[in-house]
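Engineer: Here's my sequence, what's the structure:
(2 chains)
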Amino acid sequence: MNQPDPVVVEVIRNRLASVLFAGSIALKRAAYSTVITEADDFSIAIFDTRCQLVAQLDQLPIFLGAMPEPLRTFVDKFSYDEMQPGDVYISNDPFTAGGTHKNDINIMVPVFVQGILRLLVMSKAHWSDIGGKSPGSWSPDATTSFEEGLSIPSIRLIKAGQLNQDVLDLVLANTRLQTNNKGDLLAQISGCHVVIRGLDELFRKYDWELFSAVYNTILDRTEALVRRHISDIPDGVYRGFEQVDDDGVNSGPIPIDLDVIIEGSSLTVDFSRCPPQADGACGNSSYARTLSMVRTAVRSLTAINVPSNEGYFRPIRVVAPPGSVVHPVAPAPVTLGNHVARALREAIVSALSQAIPDRVVAGQFGGALTMIMSGADTARNREFIYVSPYAGGWGAGCRHDGTFPLMMLEGGRMRNVPCEVVEQLYPLRVESYALRPDSGGPGEWRGGLGIQTDLLVLAPELRLSVAMDRHRFPAPGLFGGENGAHSRLFVHDGNQDWREITKVAGYRLSRGSLISHRSGGGGGFGPPRARDPARVLADVVAGYVTPESARDRFGIVIVDGQVDAENSKSLREGQVEPSPRRRRPAGL
Amino acid sequence: MARLAADIGGTFTDLVLCDDDGKVTLVKTFTTPDDQSEGLAKGFARFGRQTGSIQHFLHGTTVVLNAILTGAWPVVGLLTTRGFRDVLEIMRGDAQEPYNLKTPKSAPLVPRRLRLEVEERMAADGAVLTPISDEDVRRQVEELLRRGAEVVAVCFFNAYANPAHEQAALRIIQTAFPELPVSISTAVALEWREFERTSTVVLNAGALPVVRRYLQVLTDRLRSLSIDAPALIMQSNGGVTSVARTRMAPIRTVMSGPVGGVVAARGLGEALALRDLITLDIGGTSADVGLVQGGELVTKYQNSVRGWPILSMSVDVHSVGAGGGSIAHLDEMGAFKVGPRSAAAVPGPACFGRGGELPTVTDAHLIVGNLDPAYFLGGEVPIHPDRAARAFERHIAAPLNLAVPIAALGAIDIINTVMATAIRDHSVVRGHDPREFALVAFGGCGGLHASQLARAIGMRTVVIPPMSSAFSALGILGSDLRRDFTRTYLGSLAGDITQELDGAFGRLEAEARAELRADGVDLHNTAMSRSVDIRYVGQQFTMDVAASSPCDQRAIATAFIREHRALYGHAMEGNAMEVTGLRVTAISAVGKTAVAAKLAPAGATARAKGERRVLYRSELTERAEWLTYPVFDRVTLPEGMRLPGPAIVEETSSTTLVLPGDEARVHASGSLVMTVGR
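Structural biologist: Reported below is the predicted structural model:
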């Protein structure tokens, strides 16, 4: 077919975005799980029957590659001939169904255009609980997938409008929050239906042939754009390295050692040197999650505003040996895959720092996105589960101080829960919620700062689940920049002294205990002694950096709110290293 | 009994005078940015009439919004509870651009060295955990002043549960520093969520000196014009309030510009017996979408400026970067895009010949014949169609291998999809199907896009109001006094809480009455209404459901379940519900104005003043063809006249397209009411 009219392409592109948006609003507003409604932990996507991603709601990095995998398993298991209008399919299994982790439920609905199956709509959302050994199905100490909750292979839940009630009952009976889960399920289905209604309207105006030509044009153009950006990176094999503190069960670090191979307009990430899958849940990333993170890393370094569709994935290849920490096989635990996901994304960034130093940033703070506190609230006479997302410092880059405080990049548009809401709804008192001075990695460009949150327990007993990371290996600096501060978590139970904990499930604390959570800072970029003295002064005035640190780490002496030029000069003399020069002068 | 309304915007100052007989006159003049009251005086002089009889003066102003946008702003110092001075800087932790490793983040409204803490603490239930000390407050404010603060904002943790410490701080500061402008958070927003409340009070404090200075100048100016009526100031909530109240909470006026048009549309809807309206105000750089549902303004409890939240009731207006100045271009994938960048007034569209070289939507309208080059702004502005064509040729038509008129028509189609998306998205977010609404389009470009937009969305009725380029001023003229009062209140509907609810509402209403009385509002003419924020236990979003007085708990629950089903397609019957907030709205009529325009007498016949070749793309065939449109002068159209499309209706500052298949009817109000063809 000829190139479609450029105006029609733009009109249809806008309509598709609008249709996905309407679906997302329907899903989000009806959902029960806080992570869906507050943290946007969901996505909706449209596929064609060749399993190509036509368009996806663009918000959560962790789902960027996580939609096509489960879609393929549905299509592999059920032939298109079997699918009928009114069908709804469901899955979550990370191994047989291409899932991310078990809390992420996939819902798929086929779309018929004039009686012919043409498209597939899929929604994915994080349910607050899917069973398993710990509340929230969130177990940093799990050693098998079975401890992480119910497995749902790719199955049909509704056949031609007829709900399989037995299956639904079985699913819900295996979870702790049945009402919530039912609400989330209905929300996901209604999100898909709203998308289908929007598509129906679209097809009243445009026939399938035209629509198909239009989206294929969009896919091809997207591919061309990403290829153009990759071509700008010099060919070569770039080695990247990052690590996770531990897997939650064993004490050893999990090294992520990879190669990024640039060949013309193609990019390959080769994980062949990564270790075999880990025993503990914090040491594995399901394959779907690994794909998401590779795509996120590439996007963050190339065309940030590229639309999420198949065209953008085409130039990217991933080599991830089955049985490794980036492609574990059953029954590996994978729920806390955020750690490996973060590390592999950053390993790709660090690999490419050799090729495109202007584009990259130093390390980001780490962890598992949230702390979870639960227990009995005697004052309000109810059980509670409080999921607390936390922000920290991002890495510095060329001519850019690290942004702070922000949620982890992997978490997309997550937001904190306001402290006043915490105190009103949960038996906790917030003693302090403040930036951590000196937590940003020193550098010519300073890393972002972390936050310290101090909580007092008001419930008779509280259970704390958390999976800290970067308590051992802080966010690394780049090109002579120094590391950011470690992430730390201290608890103080009336009877003992302060005690540091790292990865725990259901750690018991009694009334009057204190919890002090300190998110880490981002790494610095370039040698700290090359930092503009005026910027060091501004940081000291703001209290981001203490005067001691200004002197000892940045080589700047501050007296009476002014830079002491003479003393600073002698401090810095002979110690200033050249700032990293771009290795590629042109084309960036 | 004359009433005068003044809408002072960024470019134009619109004055509308309604005399004793209900006759409405409009004057449009350029805004004088240094002293906005000067433009007002100039415009007022043009009425050239006796001015002693003006009974009400209603005013919409953008001084607060402009001050925030331009940063012409005093140095604000912030006082917080110990442990919380960084709340303003931490914000909510979400990244503006999640895939950008160097994602930008706004610099905090108050830099860290100007944020100081005092020892004091309230518990979530309002109990005092740590008392406040006079000495501590004084010392910290002195320190803020030493560091350069010119105004002070106070936001204490949990103050929404008990504002006593903030009120104490206010007294201490006012006693020790009588000249210093101070604002406490609970006087502006008595609601939970510390970041949003801090942002609100900081913006309010910063606006204090700006607004006080302006209101003084305005009051002096009104006196010199012998306008004795006290000024009533338009607020974001779609109603007016006193000068005294505006001096205390200026942040509530921040959206007063765009809401005027929505208020006017609601009034017009009454005259037209249309209760569900989507309003669309298309100007040079942006299009503002608003909603009227069941004859009521659709409001929201929070808005934001430059990403900074403001907790105040506000007419829900959604702005999108699409207007007459939007620039057509090819993006990095080679896709044909229009906007959001705008050529604005300077350098302006290419056809203005003022240095603009890039093709805009206005240039496109000129090329396809929608606009008459000889009659732009009534012929006052010289127009260069050749420059418009050159711009399209060079930037769009040549690279895409299209004819210039086809490229121009494409640009209009694309900007229409941007606006249609905004309308759809905005109504969907509120749970509405836009096809059940009538489209009221105004602003300089409203009439050019309305019919096509309605077709794209599937809307059947379009209204182009009279004086559509000054429609906001008409809305301000017809505004009521309005105050909204909000409290955070948590109560489960599992038990019977009717009495508790009534008690809490009663206290809120008593506060409301006291405040209105202090403003000199006649309480006999004031209607109070109640609503609650309600949700299922476990949900995060709440819905706003009307409540009666006295409360009927079952009716509230039933209404919620009905709304939930309407919005989401299902309800969770048997699940526990909880109330999270109470709202009381007080509305007091200032006096009604029926919108009326000068019309030719009914039965008269209107003759076309000419005709024009217009490029038209049929929705059905998608084919573009040149058609001949008759051109009418709007002031010659008699009441009741039916005008079949295609036709063009021109007035001095706006043009309306009646497309083939449409039929326009001239309503007594002066509106063109179009039934949209298919």
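
Engineer: In contact with the closest residue to chain B within the stretch 401-550 of chain A, which residues?
Structural biologist: Nearest residue of the stretch 401-550 of chain A to chain B: residue A:432, at 3.4 Å (Cβ to the nearest Cβ). (Each C-beta comes from the backbone N, C-alpha and C, glycine too.) Contact analysis of residue A:432 by Cβ atoms under 8 Å, 6 or more residues apart in numbering or on different chains lists A:452-454, B:82-84.

Engineer: In space, what's closest to residue 84 - neighbours in sequence excluded?
Structural biologist: Since you didn't name a chain, this refers to chain A. Spatial nearest neighbour of residue A:84, chain neighbours left out: residue A:160 (4.7 Å); criterion: Cβ to Cβ, 6 or more residues apart in numbering or on different chains.

Engineer: To clarify, I was referring to chain B.
Structural biologist: Closest residue in space to residue B:84, ignoring its immediate chain neighbours: residue B:157 at 5.2 Å, by Cβ to Cβ, 6+ apart.

Engineer: doesn't the one you found fall inside a helix?
Structural biologist: No. Using DSSP: H, G, I helix; E, B strand; the rest coil, the assignment for residue B:157 is coil, not a helix.

Engineer: if I pick it, what's in contact with it?
Structural biologist: By Cβ under 8 Å, 6+ apart, the contact set of residue B:157 is A:419-420, A:430, B:80-81, B:83-84, B:121-122, B:194.

Engineer: Over to residue B:432?
Structural biologist: For residue B:432, the contacting residues are B:291, B:293, by Cβ under 8 Å, 6+ apart.

Engineer: Ramachandran coordinates for it?
Structural biologist: Dihedral pair for residue B:432: phi -110, psi 150, per degrees, to the nearest 10.

Engineer: ok, it to chain A distance?
Structural biologist: Here residue B:432 is placed at a distance of 11 Å from chain A (Cβ to the nearest Cβ, to the nearest Å).

Engineer: can you check residue B:76 too?
Structural biologist: 16 Å.

Engineer: ditto for residue B:300
Structural biologist: Noted for residue B:300: a distance of 14 Å to chain A, by Cβ to the nearest Cβ.

Engineer: If that residue is in a bridge, with which residues?
Structural biologist: Under the criterion DSSP bridges, residue B:300 forms beta bridges with residue B:314.

Engineer: That one and residue B:316 touch, don't they?
Structural biologist: Yes. Using Cβ atoms under 8 Å as the test, residue B:300 is close enough to residue B:316 to be in contact (4.5 Å).

Engineer: Out of these two, name the residue with the larger neighbour count.
Structural biologist: Set residue B:300 next to residue B:316 and count neighbours by other Cβ atoms under 10 Å in any protein chain shown: residue B:316 wins out with 20 against 17.

Engineer: Could you pull out the helices in chain A for me?
Structural biologist: Taking DSSP state H as the test, the helices found in chain A are A:6-30, A:34-37, A:68-77, A:165-173, A:178-205, A:208-231, A:287-301, A:310-313, A:338-352, A:419-425, A:533-542, A:547-552, A:565-572.

Engineer: Find me the pLDDT at residue 449, would you?
Structural biologist: No chain specified, so I'll use chain A. For residue A:449, the pLDDT comes out at 98.

Engineer: my question was about chain B
Structural biologist: You'll see residue B:449 listed with a pLDDT of 97.

Engineer: Are we agreed that it is in a strand?
Structural biologist: No. Assessed with three-state DSSP, residue B:449 is helix; it does not lie in a strand.

Engineer: Does it touch residue B:442 like I think?
Structural biologist: No. Between residue B:449 and residue B:442 there is no contact under Cβ under 8 Å: 11.1 Å.

Engineer: Return every residue with contacts to both of the two.
Structural biologist: B:280, B:282.

Engineer: show me the contacts for residue 269.
Structural biologist: Just so you know, I chose chain A. Taking Cβ under 8 Å, 6+ apart, we find residue A:269 in contact with A:258-261, A:294, A:316-319, A:348.

Engineer: try again with chain B
Structural biologist: Residues in contact with residue B:269 (Cβ under 8 Å, 6+ apart) are B:275, B:277, B:292, B:295, B:438, B:440.

Engineer: residue contacts, the fifth one?
Structural biologist: In this structure, residue B:438 makes contact with B:269, B:274, B:276-278, B:459-463, judged by Cβ under 8 Å, 6+ apart.

Engineer: So which of these sit within helices?
Structural biologist: residue B:269.

Engineer: The nearest residue to residue B:464 once chain neighbours are set aside: how many residues sit nearby?
Structural biologist: Excluding its sequence neighbours, the residue lying closest to residue B:464 (Cβ to Cβ, 6+ apart) is residue B:672, at 4.3 Å. Per other Cβ under 10 Å, the neighbour tally for residue B:672 reads 25.

Engineer: backbone phi and psi for residue B:672, please?
Structural biologist: Reported as degrees, to the nearest 10, the phi and psi values for residue B:672 are phi -100, psi 120.

Engineer: now residue B:80
Structural biologist: Dihedral angles phi and psi of residue B:80 (degrees, to the nearest 10) take the values phi -130, psi 180.

Engineer: Show me what it is bridged to.
Structural biologist: Under the criterion used (DSSP bridges), residue B:80 bridges to residue B:117, residue B:155.

Engineer: In contact with it, which residues?
Structural biologist: Each residue near residue B:80 by Cβ under 8 Å, 6+ apart is listed here: B:87, B:115-118, B:154-157, B:198.

Engineer: Repeat that for residue A:291.
Structural biologist: Contacts of residue A:291 (Cβ under 8 Å, 6+ apart): A:65-66, A:69, A:318.

Engineer: what does the model give residue 18 for pLDDT?
Structural biologist: All of this refers to chain A. Per-residue pLDDT puts residue A:18 at 89.

Engineer: That was the other one, I meant chain B.
Structural biologist: Looking at residue B:18, its pLDDT reads 86.

Engineer: before we move on, back to that, tell me which of the helices of chain A sits most buried.
Structural biologist: helix A:338-352 (a mean of 28; mean count of other Cβ atoms under 10 Å in any protein chain shown).

Engineer: and the angle from that helix to helix A:287-301?
Structural biologist: 40 degrees (axes from the mean of the first three to the mean of the last three Cα atoms, to 10 degrees).

Engineer: which residues of the stretch 151-300 of chain B fall in strands?
Structural biologist: Here the stretch 151-300 of chain B has its strands, by DSSP state E, counting those that start in this stretch, at B:151-155, B:182-184, B:231-234, B:240-242, B:277-282, B:287-293, B:296-297, B:299-305.

Engineer: So which elements touch the third one?
Structural biologist: Using 3 or more Cβ pairs under 8 Å, 6 or more residues apart in numbering or on different chains; DSSP states H and E as the contact criterion, the neighbours of strand B:231-234 among helices and strands are strand B:54-61, helix B:194-224, strand B:240-242, helix B:243-248, helix B:256-272.

Engineer: same thing but 6 Å
Structural biologist: Contact analysis of strand B:231-234 by 3 or more Cβ pairs under 6 Å, 6 or more residues apart in numbering or on different chains; DSSP states H and E lists strand B:54-61, strand B:240-242 as its packing neighbours.

Engineer: Let me know which of those strands is the nearest to chain A.
Structural biologist: strand B:240-242 (27.6 Å).

Engineer: Run the chain-centre distance for that closest one.
Structural biologist: Centroid separation between strand B:240-242 and its chain, computed with Cα atoms, centre = their mean, to the nearest Å, is 16 Å.

Engineer: For that strand, give me every contacting residue.
Structural biologist: For strand B:240-242, the surrounding residues in contact (Cβ atoms under 6 Å, 6 or more residues apart in numbering or on different chains) are B:58, B:232-235, B:479, B:481, B:519.

Engineer: Distance-wise, check residue B:653 relative to residue A:204.
Structural biologist: From residue B:653 across to residue A:204, the span is 37 Å (Cβ to Cβ, to the nearest Å).

Engineer: Which helix or strand contains residue B:389?
Structural biologist: Taking DSSP states H and E as the definition, residue B:389 sits inside helix B:385-392.
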